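Chemist: Provided below are the primary sequence and the corresponding predicted coordinates.
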Amino acid sequence: MNATTRKILIHCHIFKNAGTTFDWSLQRTFGQAFIDHRDDEPMRTGAEYLGPYLQEQRQKQLKALSSHHVRFPLPELENIKLIPLVLLRNPIDRAGSVYSFERQQKAKTQGAIHAKKFPFPEYVDWRMETQVPGVLRNAQVRATCQTQKRNIINEQDYAAALERIKNYFLFGLVERYDESMVLIEDQLRPYFPEIDLTHIAQNTSSRRQKGVSEKIDGINLSLGDERFKKLMGNNQWDIKLYETADKLLSEQVAKTSGFPEKLAHYKTRCQAL
């Protein structure tokens, strides 16, 4: 990579994983050099669309792009370095967040329709059906490997997703958002000296005020043991990916010089917004 190589951050925006908050920070940092890409159908075609799109004349100043439908492998482009990033979340807590959001969402998607029609336990029953899109079934493993079109996730898919988290993606955790942003700022600053990922939380609900353990206990109580076990079983690979990513994040924190001071400074900067 030489000095003339363009760098573009690619945010692989997983539904209900604090992506709107992260995109808010990207917009604030990069302005018109950031695109929140919402033209979903062409993005789903993968590199054959994304490659030419990033090379268009009108994208010459682009520094960051976010999409719910990034497909892999990313295109290999001459004189352009793509930097993929993903945020992960505890998948059981995420299930409650998805339901809460879809209950309030002004949309006519099947998820929004069923969330308004059913209480949470029956909504989860519907989401567990294999013919229903896998929004609550190992969705994060699916999003980080090559199996977007397949409805059943297996150990091989998990291994592929973990390999990407270890060696390909920049990543953060929703439950450790501030720590994640400190690390990501450090990782991105060589490419984008102006990077500033301070934030004001966007698109949140009252659930955010509770701790993760408390929210998961609430989900267990709401679903009952059998439904809860089914939700856990249908997210076994997401749970394993999340737990491993949590350990990797702790290792990164331990290796980062002056991390407590950097974290305190980051929180002060956020409070000043």
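Modeler: Happy to help now that I have it. Numbering: from 1, shown residues only.

Chemist: could you work out the end-to-end span of stretch 181-195 for me?
Modeler: Taking CA to CA, to the nearest Å as the measure, stretch 181-195 stretches 11 Å from start to finish.

Chemist: first to last residue in stretch 31-43, what's the distance?
Modeler: Taking CA to CA, stretch 31-43 runs 22 Å from one end to the other.

Chemist: let's verify residue 201: helix, strand, or coil?
Modeler: Secondary structure state of residue 201, per DSSP: H, G, I helix; E, B strand; the rest coil, is coil.

Chemist: where do the strands sit along the protein?
Modeler: For the chain, applying DSSP state E gives strands covering 6-12, 34-36, 64-67, 80-88, 170-173.

Chemist: now distance to residue 201, mean pLDDT and mean neighbour count too, for the ones you listed, in JSON lines please.
Modeler: (Glycine included, C-beta is placed from N, CA and C.) Compiled in JSON lines, the strands of the chain are given as follows (distance: least, CB to CB, whole Å; pLDDT from 0 to 100; neighbours: other CB atoms under 10 Å):
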{"stretch": "strand 6-12", "distance to residue 201": "17", "mean pLDDT": "97", "mean neighbour count": "21"}
{"stretch": "strand 34-36", "distance to residue 201": "17", "mean pLDDT": "97", "mean neighbour count": "19"}
{"stretch": "strand 64-67", "distance to residue 201": "17", "mean pLDDT": "98", "mean neighbour count": "22"}
{"stretch": "strand 80-88", "distance to residue 201": "13", "mean pLDDT": "97", "mean neighbour count": "20"}
{"stretch": "strand 170-173", "distance to residue 201": "14", "mean pLDDT": "98", "mean neighbour count": "22"}
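
Chemist: to residue 245, which of these lies closest?
Modeler: Counting by CB to CB, residue 245 lies closest to strand 80-88 out of the strands of the chain; the figure is 5.3 Å.

Chemist: measure how that closest one sits relative to strand 6-12, angle-wise.
Modeler: Interaxial angle, strand 80-88 versus strand 6-12 (axes from the mean of the first three to the mean of the last three CA atoms, to 10 degrees): 20 degrees.

Chemist: what is strand 80-88 packed up against?
Modeler: On a contact count with 3 or more CB pairs under 8 Å, 6 or more residues apart in numbering; DSSP states H and E, strand 80-88 meets strand 6-12, helix 47-55, helix 139-144, helix 155-167, strand 170-173, helix 177-188, helix 236-255.

Chemist: just name the most buried of those.
Modeler: Most buried of the helices and strands packed on strand 80-88, by mean neighbour count (mean count of other CB atoms under 10 Å): helix 139-144, with a mean of 26.

Chemist: what does that helix rub up against?
Modeler: Counting by CB atoms under 8 Å, 6 or more residues apart in numbering, helix 139-144 makes contact with 12, 14-15, 17, 86, 88-89, 91, 94, 134, 147-148, 150, 153, 157-158, 161, 164-165, 169, 237-238, 241-242, all of which sit outside it.

Chemist: average pLDDT across it?
Modeler: Helix 139-144 shows a mean pLDDT of 95.

Chemist: just the CA atoms of that helix, as CSV, please.
Modeler: C-alpha atoms of helix 139-144 as CSV (Å, rounded to 0.1, in the frame of the first residue of the first chain):
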residue,chain,number,x,y,z
ALA,A,139,-27.6,-13.6,12.5
GLN,A,140,-24.2,-12.2,13.4
VAL,A,141,-22.3,-15.2,12.3
ARG,A,142,-24.3,-15.1,9.0
ALA,A,143,-23.4,-11.4,8.6
THR,A,144,-19.7,-12.0,9.0
